[in-house]
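> Model the following, please.
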Amino acid sequence: EKRKKEEQEKAERKRKEELEKAAEEKRKKEEQEKAEDERKRKEEFEKVSEEKRKKEEQEKAEDERKRKEEFEKVSEEKRKKEEQEKAEAERKRKEELEMAAEEKREKEEQEKAERKRKEDLEKAAEEKRKKEEQEKAEDERKRKEEFEKVSEEKRKKEEQEKAEDERKRKEEFEKVSEEKRKKEEQEKAEAERKRKEELEKAAEEKRKKEEQEKAESEKKRKE
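Numbers count the residues shown, from 1 in each chain. Here you go, the predicted structure:
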C-alpha cells in the first residue's frame with residue numbers, strides 16, 4: 001500500500017509538472033506571436049510613412065517644375081514683347097530721321113534750325129530711352145521681389161504643413177504605443193492572476209489530498 005501510494009504521488013507530481021510545462025510553453029508561444037504581430041505592425045507603419053514621404057516629394061517637385069515653366073513662359077512672352085516694342089521704336093526712329101533728312105535736303109535754308117530740331121529730338125529720344133530703361137529695371141525689380149515673396153510664403157506654408165503632419169504622425173504613434181502598452185499590461189496582469197489562481201487551486205487540492213491521506217492513514221493506524 002505504501003508503494004502504491006508513493007507511485008500515485010509520483011504520478012501526481014509528474015502530471016502537475018507536465019501541466020506547468022505545458023502552461024509555460026503556451027505562455028512562450030503567446031509572447032512570440034505577440035512580438036511577431038508588433039514587428040509586422042511596425043513594418044506596415046514604416047511602409048505607409050515612406051510612401052507618404054515619397055508622394056509629398058513628388059508633389060513638391062511637380063509644383064516646382066510647373067512654377068519654373070510658368071516663370072519661363074512669362075519671361076519669354078515679356079522678352080518677345082520688348083523686342084517688338086524695340087523694333088517698332090527703331091522703325092519709327094528711322095522714319096523720323098529719314099523724314100528729317102528729306103526735309104533738310106529740301107530746305108537747305110533752314111539747315112541750322114533743322115539741326116537744332118534734330119538735336120532736340122535725339123535728346124528727347126535719349127531721355128525717353130533712359131526713362132524707359134529705368135522703368136523697365138524698376139518693373140523687373142518689383143517682379144523679382146514679388147516672385148521671391150510668393151516663393152518664401154509657399155516654402156513657409158509647406159514647412160508648416162510638413163511639421164503639422166509630422167506632429168500628427170508622432171501623436172498617433174504615441175497613442176497606439178500607449179494603448180498597446182496598457183493592453184499588454186492588462187493581459188500580463190490577467191495571465192498572472194490566472195496563474196496564481198491555478199497555483200492556489202493546485203495547492204488547495206494537494207492540501208485536501210494530504211489531509212485525506214493523513215486521515216486514511218490515521219484510520220488504518222487505529223484499526
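> R193: neighbour count?
Counted by other C-beta atoms under 10 Å, the residues lying close to R193 total 10. Glycine gets a C-beta too; all of them are placed from N, C-alpha and C.
> and it, what does it touch?
Neighbour list for R193: empty [criterion: C-beta atoms under 8 Å, 6 or more residues apart in numbering].
> Quick one: mean pLDDT for whatever helix or strand it lives in?
Here R193, judged by DSSP states H and E, is contained in helix 111-222. In this model, helix 111-222 carries a mean pLDDT of 96.
> Tell me how far that helix lies from the chain's centre.
When C-alpha coordinates are averaged (C-alpha atoms, centre = their mean, to the nearest Å), helix 111-222 and its chain have centres 7 Å apart.
> Stretch 73-81 too?
That offset, for stretch 73-81, works out to 37 Å (C-alpha atoms, centre = their mean).
> Kindly spell out which helices and strands sit in contact with the helix or strand K28 falls within.
For K28, the enclosing helix or strand under DSSP H and E is helix 2-106. For helix 2-106, the elements it packs on are helix 111-222, judged by 3 or more C-beta pairs under 8 Å, 6 or more residues apart in numbering; DSSP states H and E.
> what angle separates the helix it packs on from helix 2-106?
For helix 111-222 and helix 2-106, the angle between their directions (axes from the mean of the first three to the mean of the last three C-alpha atoms, to 10 degrees) works out to 180 degrees.
> Now the helix holding K28: average pLDDT?
Average pLDDT, helix 2-106: 95.
> Return the distance of that helix from the chain's centre.
Between the mean C-alpha location of helix 2-106 and the chain-wide mean there is a distance of 7 Å, by C-alpha atoms, centre = their mean.
> any idea how far E83 is from E218?
Using C-beta to C-beta, to the nearest Å, we find E83 at a distance of 124 Å from E218.
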